[in-house]
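Student: need the 3D shape of this:
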Amino acid sequence: MEETFSQFNWREQNKYTYSMLEDVYFYKNIRNLNVYKNCYLCIYTVNNENKCPFLQFLFYKNLLTDTFSFLNYINYDFNNKEDLIEKINEYILSFLTIKNVFSTLSNNSEFIYASDIIFKGFIEEEENNYLFFDIPKLNECFFSSNLQLGLIDEIMNHQKLNGKTIYLEIVDFFHKNSEFMYLKNEKEENYEIPIVAYVSKPKKRVEFTRMFGERTEEDGILGNYYYFTNYETALRKEEEERILNKEYGGIVKFALFPGIMKTFMNSSSNFLKEIGEEEKKELVEVYDSFFYLEKNDDPIWVMKDYSQQVPLLIVK
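Tutor: Sure thing, here's the model as predicted:
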(Lines give C-alpha, C1' and ligand atoms only; values in the text may rest on other atoms or scores of the structure.)
Protein backbone atom coordinates (compact mmCIF):
# COMPACT_ATOMS: atom_id res chain seq x y z
CA MET A 1 0.00 0.00 0.00
CA GLU A 2 1.38 3.42 -0.96
CA GLU A 3 1.91 5.77 1.97
CA THR A 4 0.87 9.42 1.57
CA PHE A 5 1.42 12.26 4.04
CA SER A 6 0.08 15.77 4.25
CA GLN A 7 2.47 18.48 3.08
CA PHE A 8 0.26 21.46 4.07
CA ASN A 9 2.17 24.33 5.69
CA TRP A 10 0.22 25.40 8.76
CA ARG A 11 2.72 28.06 9.82
CA GLU A 12 1.11 30.78 7.68
CA GLN A 13 -2.16 30.67 9.62
CA ASN A 14 -0.76 29.85 13.08
CA LYS A 15 -0.38 33.30 14.60
CA TYR A 16 -0.27 33.07 18.36
CA THR A 17 0.49 34.91 21.57
CA TYR A 18 1.65 33.55 24.92
CA SER A 19 -0.51 36.16 26.63
CA MET A 20 0.48 35.41 30.24
CA LEU A 21 3.94 36.77 29.45
CA GLU A 22 2.32 40.19 29.02
CA ASP A 23 0.34 40.04 32.27
CA VAL A 24 0.81 42.85 34.81
CA TYR A 25 1.92 40.30 37.41
CA PHE A 26 4.58 38.90 35.13
CA TYR A 27 7.66 40.95 35.96
CA LYS A 28 10.28 42.05 33.46
CA ASN A 29 12.83 43.38 35.93
CA ILE A 30 14.94 40.98 37.96
CA ARG A 31 14.87 41.35 41.73
CA ASN A 32 17.26 40.08 44.35
CA LEU A 33 17.36 36.32 43.74
CA ASN A 34 18.88 35.36 47.08
CA VAL A 35 15.49 35.75 48.79
CA TYR A 36 14.19 32.66 46.94
CA LYS A 37 14.56 29.01 47.80
CA ASN A 38 14.67 28.04 44.11
CA CYS A 39 15.03 29.94 40.84
CA TYR A 40 13.56 27.63 38.23
CA LEU A 41 14.39 28.24 34.57
CA CYS A 42 11.17 27.68 32.63
CA ILE A 43 12.73 27.14 29.22
CA TYR A 44 10.14 26.66 26.51
CA THR A 45 9.70 26.52 22.78
CA VAL A 46 6.60 26.74 20.59
CA ASN A 47 6.16 24.02 18.01
CA ASN A 48 4.40 25.86 15.18
CA GLU A 49 4.82 23.56 12.20
CA ASN A 50 1.56 21.63 12.41
CA LYS A 51 -2.19 21.99 12.84
CA CYS A 52 -1.96 24.08 16.03
CA PRO A 53 1.00 25.70 17.79
CA PHE A 54 1.79 24.16 21.16
CA LEU A 55 4.19 24.60 24.09
CA GLN A 56 7.04 22.32 25.04
CA PHE A 57 9.11 22.86 28.21
CA LEU A 58 12.68 21.70 28.77
CA PHE A 59 13.19 19.17 31.60
CA TYR A 60 16.31 17.53 32.94
CA LYS A 61 16.42 14.27 34.88
CA ASN A 62 17.91 14.32 38.37
CA LEU A 63 19.84 11.06 38.48
CA LEU A 64 19.73 10.95 42.29
CA THR A 65 15.94 11.17 42.58
CA ASP A 66 15.13 9.76 39.11
CA THR A 67 12.67 12.62 38.53
CA PHE A 68 12.34 15.31 35.86
CA SER A 69 12.46 19.01 36.79
CA PHE A 70 13.34 22.44 35.41
CA LEU A 71 16.89 23.71 35.62
CA ASN A 72 17.53 25.50 38.93
CA TYR A 73 19.85 28.54 38.87
CA ILE A 74 21.63 29.12 42.19
CA ASN A 75 24.39 31.62 41.33
CA TYR A 76 23.38 34.96 42.87
CA ASP A 77 26.58 36.84 42.00
CA PHE A 78 25.50 39.45 39.44
CA ASN A 79 25.67 43.22 39.01
CA ASN A 80 22.45 44.01 37.14
CA LYS A 81 19.71 42.46 35.04
CA GLU A 82 21.82 42.31 31.87
CA ASP A 83 24.69 40.66 33.73
CA LEU A 84 22.36 38.06 35.25
CA ILE A 85 20.67 37.21 31.96
CA GLU A 86 24.07 36.81 30.28
CA LYS A 87 25.20 34.42 33.04
CA ILE A 88 21.99 32.41 32.88
CA ASN A 89 22.30 32.15 29.09
CA GLU A 90 25.85 30.84 29.49
CA TYR A 91 24.62 28.38 32.13
CA ILE A 92 21.86 27.11 29.84
CA LEU A 93 24.23 26.69 26.90
CA SER A 94 26.86 24.92 28.99
CA PHE A 95 24.25 22.59 30.45
CA LEU A 96 22.85 21.71 27.04
CA THR A 97 26.34 21.09 25.67
CA ILE A 98 27.31 18.86 28.59
CA LYS A 99 24.14 16.83 28.07
CA ASN A 100 25.03 16.40 24.38
CA VAL A 101 21.81 18.05 23.25
CA PHE A 102 23.51 19.20 20.06
CA SER A 103 23.94 15.69 18.69
CA THR A 104 21.77 15.92 15.62
CA LEU A 105 19.68 13.44 13.71
CA SER A 106 19.81 15.36 10.44
CA ASN A 107 21.85 18.00 8.67
CA ASN A 108 18.88 20.37 8.99
CA SER A 109 19.21 20.70 12.77
CA GLU A 110 20.50 24.06 13.95
CA PHE A 111 22.97 25.03 16.65
CA ILE A 112 21.75 27.27 19.47
CA TYR A 113 23.64 30.43 20.42
CA ALA A 114 23.24 32.77 23.39
CA SER A 115 21.41 35.24 21.14
CA ASP A 116 18.72 32.58 20.55
CA ILE A 117 17.80 32.51 24.24
CA ILE A 118 15.16 35.17 24.94
CA PHE A 119 14.38 36.20 28.52
CA LYS A 120 10.63 36.92 28.86
CA GLY A 121 10.24 37.72 32.57
CA PHE A 122 9.46 35.96 35.84
CA ILE A 123 6.74 35.24 38.37
CA GLU A 124 7.01 34.67 42.13
CA GLU A 125 5.30 31.69 43.71
CA GLU A 126 5.73 31.30 47.48
CA GLU A 127 9.46 30.69 48.11
CA ASN A 128 10.27 30.12 44.45
CA ASN A 129 11.00 32.26 41.42
CA TYR A 130 10.11 31.03 37.93
CA LEU A 131 12.12 32.71 35.13
CA PHE A 132 10.81 32.18 31.60
CA PHE A 133 13.06 31.83 28.56
CA ASP A 134 11.96 31.28 24.98
CA ILE A 135 14.32 29.28 22.72
CA PRO A 136 12.60 29.04 19.31
CA LYS A 137 15.14 26.56 17.88
CA LEU A 138 14.91 24.16 20.81
CA ASN A 139 12.56 21.68 19.13
CA GLU A 140 15.06 21.27 16.27
CA CYS A 141 17.61 19.63 18.60
CA PHE A 142 18.12 16.00 19.50
CA PHE A 143 17.90 15.22 23.21
CA SER A 144 19.37 12.51 25.40
CA SER A 145 17.24 10.46 27.80
CA ASN A 146 18.25 12.83 30.62
CA LEU A 147 17.12 15.98 28.83
CA GLN A 148 13.64 16.06 27.33
CA LEU A 149 10.93 18.39 26.08
CA GLY A 150 7.63 17.88 27.90
CA LEU A 151 4.06 18.74 26.92
CA ILE A 152 1.56 20.59 29.11
CA ASP A 153 -0.54 17.41 29.13
CA GLU A 154 2.37 15.51 30.70
CA ILE A 155 2.75 18.14 33.41
CA MET A 156 -0.92 18.64 34.24
CA ASN A 157 -2.55 15.26 33.69
CA HIS A 158 0.16 12.63 34.00
CA GLN A 159 2.81 14.25 36.20
CA LYS A 160 5.20 12.01 34.31
CA LEU A 161 7.59 12.37 31.41
CA ASN A 162 8.23 9.13 29.49
CA GLY A 163 7.38 7.07 32.57
CA LYS A 164 9.44 9.18 35.03
CA THR A 165 7.86 11.43 37.69
CA ILE A 166 7.88 15.21 37.21
CA TYR A 167 8.99 17.12 40.32
CA LEU A 168 5.92 18.11 42.36
CA GLU A 169 6.76 21.82 42.66
CA ILE A 170 6.71 22.15 38.88
CA VAL A 171 3.34 20.41 38.66
CA ASP A 172 1.91 22.57 41.46
CA PHE A 173 3.06 25.77 39.77
CA PHE A 174 1.06 25.03 36.62
CA HIS A 175 -1.97 23.91 38.60
CA LYS A 176 -1.95 27.20 40.51
CA ASN A 177 -1.17 29.26 37.40
CA SER A 178 -3.12 27.45 34.71
CA GLU A 179 -3.01 30.50 32.40
CA PHE A 180 0.58 29.54 31.58
CA MET A 181 -0.75 26.44 29.80
CA TYR A 182 -2.30 28.29 26.89
CA LEU A 183 -1.36 29.90 23.61
CA LYS A 184 -3.98 32.20 22.10
CA ASN A 185 -4.97 32.97 18.51
CA GLU A 186 -5.75 36.38 17.01
CA LYS A 187 -9.28 36.24 18.49
CA GLU A 188 -7.83 35.68 22.00
CA GLU A 189 -9.18 32.11 21.95
CA ASN A 190 -7.12 29.29 23.43
CA TYR A 191 -5.48 26.90 20.99
CA GLU A 192 -6.15 23.23 21.67
CA ILE A 193 -3.57 21.65 23.99
CA PRO A 194 -2.32 18.34 22.55
CA ILE A 195 -2.27 15.11 24.53
CA VAL A 196 0.72 12.80 24.74
CA ALA A 197 0.62 9.32 23.19
CA TYR A 198 3.02 6.63 21.98
CA VAL A 199 3.43 3.78 19.53
CA SER A 200 5.88 0.87 19.60
CA LYS A 201 7.58 -0.13 16.37
CA PRO A 202 10.02 -2.77 15.12
CA LYS A 203 13.54 -1.50 14.53
CA LYS A 204 13.14 -1.03 10.78
CA ARG A 205 10.07 1.21 11.27
CA VAL A 206 11.16 3.41 14.21
CA GLU A 207 13.03 6.16 12.37
CA PHE A 208 10.45 6.32 9.58
CA THR A 209 7.64 6.74 12.12
CA ARG A 210 9.54 9.48 13.94
CA MET A 211 9.98 11.38 10.70
CA PHE A 212 6.58 10.89 9.05
CA GLY A 213 4.20 9.74 11.77
CA GLU A 214 1.96 6.75 12.28
CA ARG A 215 0.25 4.88 9.44
CA THR A 216 -3.41 3.98 9.36
CA GLU A 217 -4.53 0.53 10.49
CA GLU A 218 -6.68 -1.07 7.81
CA ASP A 219 -8.06 -3.61 10.29
CA GLY A 220 -8.58 -1.12 13.13
CA ILE A 221 -11.69 -1.68 15.23
CA LEU A 222 -13.18 1.69 14.37
CA GLY A 223 -11.89 1.80 10.83
CA ASN A 224 -8.90 2.76 8.72
CA TYR A 225 -7.54 5.40 11.12
CA TYR A 226 -4.52 6.18 13.34
CA TYR A 227 -4.17 4.29 16.65
CA PHE A 228 -2.04 5.26 19.66
CA THR A 229 -1.58 4.19 23.28
CA ASN A 230 0.19 5.32 26.48
CA TYR A 231 3.85 4.93 27.44
CA GLU A 232 3.41 1.88 29.68
CA THR A 233 1.51 -0.09 27.03
CA ALA A 234 3.96 0.87 24.28
CA LEU A 235 6.86 -0.18 26.51
CA ARG A 236 5.28 -3.56 27.23
CA LYS A 237 4.54 -4.19 23.55
CA GLU A 238 8.11 -3.24 22.61
CA GLU A 239 9.45 -5.72 25.17
CA GLU A 240 7.10 -8.45 23.93
CA GLU A 241 8.25 -7.81 20.36
CA ARG A 242 11.90 -8.00 21.45
CA ILE A 243 11.37 -11.32 23.21
CA LEU A 244 9.36 -12.78 20.32
CA ASN A 245 11.62 -11.70 17.47
CA LYS A 246 14.90 -11.31 19.41
CA GLU A 247 15.29 -7.80 18.00
CA TYR A 248 15.13 -4.42 19.67
CA GLY A 249 12.41 -2.10 18.48
CA GLY A 250 11.59 1.41 19.65
CA ILE A 251 8.93 3.74 21.05
CA VAL A 252 7.92 6.96 19.33
CA LYS A 253 6.31 9.81 21.26
CA PHE A 254 3.50 11.91 19.73
CA ALA A 255 1.46 15.01 20.41
CA LEU A 256 -2.19 14.42 19.41
CA PHE A 257 -5.00 16.90 18.75
CA PRO A 258 -8.21 14.94 19.49
CA GLY A 259 -10.67 17.74 18.75
CA ILE A 260 -14.17 16.50 19.60
CA MET A 261 -13.53 13.08 21.13
CA LYS A 262 -15.96 10.26 21.84
CA THR A 263 -14.99 8.31 24.98
CA PHE A 264 -16.18 4.75 25.49
CA MET A 265 -15.98 4.48 29.28
CA ASN A 266 -15.62 1.05 30.88
CA SER A 267 -15.77 -0.49 27.44
CA SER A 268 -13.47 -3.06 25.93
CA SER A 269 -12.53 -3.63 22.33
CA ASN A 270 -15.01 -6.53 22.32
CA PHE A 271 -17.83 -4.03 22.81
CA LEU A 272 -16.69 -1.99 19.83
CA LYS A 273 -16.56 -5.07 17.62
CA GLU A 274 -20.31 -5.48 18.18
CA ILE A 275 -21.13 -1.99 16.88
CA GLY A 276 -22.67 -2.10 13.43
CA GLU A 277 -21.11 -0.41 10.43
CA GLU A 278 -23.90 2.15 10.15
CA GLU A 279 -23.45 3.17 13.78
CA LYS A 280 -19.69 3.49 13.29
CA LYS A 281 -20.29 5.66 10.23
CA GLU A 282 -22.57 7.95 12.26
CA LEU A 283 -19.94 8.25 15.02
CA VAL A 284 -17.23 9.09 12.52
CA GLU A 285 -19.35 11.88 11.07
CA VAL A 286 -19.83 13.50 14.51
CA TYR A 287 -16.48 12.98 16.26
CA ASP A 288 -12.87 13.79 15.38
CA SER A 289 -11.35 11.06 17.57
CA PHE A 290 -12.16 8.18 19.91
CA PHE A 291 -10.91 6.70 23.16
CA TYR A 292 -11.48 3.17 24.43
CA LEU A 293 -9.90 0.49 26.59
CA GLU A 294 -8.39 -2.56 24.97
CA LYS A 295 -7.68 -5.85 26.77
CA ASN A 296 -5.74 -5.42 30.03
CA ASP A 297 -7.34 -1.94 30.17
CA ASP A 298 -4.75 -0.60 27.73
CA PRO A 299 -5.87 2.88 26.61
CA ILE A 300 -6.26 3.49 22.88
CA TRP A 301 -6.69 6.86 21.14
CA VAL A 302 -7.95 6.85 17.56
CA MET A 303 -7.37 9.90 15.33
CA LYS A 304 -9.35 10.27 12.12
CA ASP A 305 -7.02 12.61 10.25
CA TYR A 306 -3.27 12.57 9.68
CA SER A 307 -2.98 16.24 10.69
CA GLN A 308 -4.04 15.36 14.25
CA GLN A 309 -0.68 13.70 14.99
CA VAL A 310 2.73 15.25 15.53
CA PRO A 311 5.66 12.81 15.91
CA LEU A 312 8.09 14.20 18.48
CA LEU A 313 10.98 11.86 19.21
CA ILE A 314 12.15 8.30 19.84
CA VAL A 315 12.11 7.70 23.59
CA LYS A 316 13.49 4.15 23.60
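
Student: quick check, pLDDT for the nearest residue to Phe257 once chain neighbours are set aside.
Tutor: On the basis of C-beta to C-beta, 6 or more residues apart in numbering, the spatially nearest residue to Phe257 that is not a chain neighbour turns out to be Gln308, at 4.7 Å. C-beta here means a position set from N, CA and C on the backbone, and glycine is covered the same way. For Gln308, the pLDDT comes out at 96.

Student: what number of residues lie near Gln308?
Tutor: As a burial measure, the neighbour count of Gln308 was computed by other C-beta atoms under 10 Å and equals 26.

Student: can you give me the distance of it to Leu283?
Tutor: Gln308 sits 16 Å away from Leu283, going by C-beta to C-beta, to the nearest Å.

Student: cool, Lys304 as well?
Tutor: Counting by C-beta to C-beta - Lys304 and Leu283 are separated by 10 Å.

Student: how far does the lengthiest helix in the chain sit from its chain's centre?
Tutor: Ranked by residue count and defined by DSSP state H, the top helix of the chain is helix 81-98. Using C-alpha atoms, centre = their mean, to the nearest Å, the mean C-alpha position of helix 81-98 is found 24 Å from that of the whole chain.

Student: and for stretch 204-217?
Tutor: Taking the mean of its C-alpha atoms, stretch 204-217 sits 18 Å from the chain's own mean (C-alpha atoms, centre = their mean).

Student: show residues contacting that stretch.
Tutor: Contacting residues not belonging to stretch 204-217 are listed as 3, 5, 199, 201, 224-228, 249-250, 252, 254, 306, 309-311, 313-314 [C-beta atoms under 8 Å, 6 or more residues apart in numbering].

Student: ok, stretch 261-278 next?
Tutor: By C-beta under 8 Å, 6+ apart, the list of residues contacting stretch 261-278 from outside reads 221-222, 283, 286-295, 300.

Student: buried residues in it, which are they?
Tutor: By neighbour count, and taking 16 or more other C-beta atoms under 10 Å as the criterion, the buried residues in stretch 261-278 are 262, 264, 272.

Student: which residues in the stretch 201-316 of the chain form strands?
Tutor: Per DSSP state E, counting those that start in this stretch, the stretch 201-316 of the chain carries strands over the ranges 226-228, 250-256, 261-263, 289-293, 299-303, 309-314.

Student: give me whichever of those is most buried.
Tutor: For those, the stretch with the most neighbours on average is strand 250-256, a mean of 24; neighbours defined as mean count of other C-beta atoms under 10 Å.

Student: that one vs strand 289-293, what angle?
Tutor: Using axes from the mean of the first three to the mean of the last three C-alpha atoms, to 10 degrees, one finds that strand 250-256 and strand 289-293 are set 130 degrees apart in direction.

Student: same for strand 250-256, what does it pack against?
Tutor: Taking 3 or more C-beta pairs under 8 Å, 6 or more residues apart in numbering; DSSP states H and E as the contact definition, the neighbouring helices and strands of strand 250-256 are strand 195-201, helix 203-212, helix 231-245, strand 309-314.

Student: rewinding a little: can I get the strands of the stretch 201-316 of the chain in JSON lines with distance to Phe122?
Tutor: Shown next, in JSON lines, are those (distance: least, C-beta to C-beta, whole Å):
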{"stretch": "strand 226-228", "distance to Phe122": "36"}
{"stretch": "strand 250-256", "distance to Phe122": "27"}
{"stretch": "strand 261-263", "distance to Phe122": "36"}
{"stretch": "strand 289-293", "distance to Phe122": "37"}
{"stretch": "strand 299-303", "distance to Phe122": "36"}
{"stretch": "strand 309-314", "distance to Phe122": "28"}
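
Student: so which of these comes closest to Tyr60?
Tutor: Comparison of the strands of the stretch 201-316 of the chain against Tyr60 by C-beta to C-beta identifies strand 309-314 as nearest, at 15.4 Å.

Student: any idea of the angle the closest one forms with strand 250-256?
Tutor: Computed by the same axes, to 10 degrees, the angle separating strand 309-314 from strand 250-256 equals 140 degrees.

Student: report the contact partners of the spatially most central residue of the chain.
Tutor: Within the chain, the residue whose C-alpha comes closest to the C-alpha centroid is Leu151; the distance, by C-alpha atoms, centre = their mean, is 3.0 Å. Residues near Leu151 by C-beta under 8 Å, 6+ apart: 54-56, 193-196, 255.

Student: what of Phe95?
Tutor: By C-beta under 8 Å, 6+ apart, the contact set of Phe95 is 60, 71.

Student: the more surrounded of Lys304 and Leu283?
Tutor: A side-by-side neighbour count of Lys304 and Leu283, using other C-beta under 10 Å, places Lys304 first with 19 against 15.
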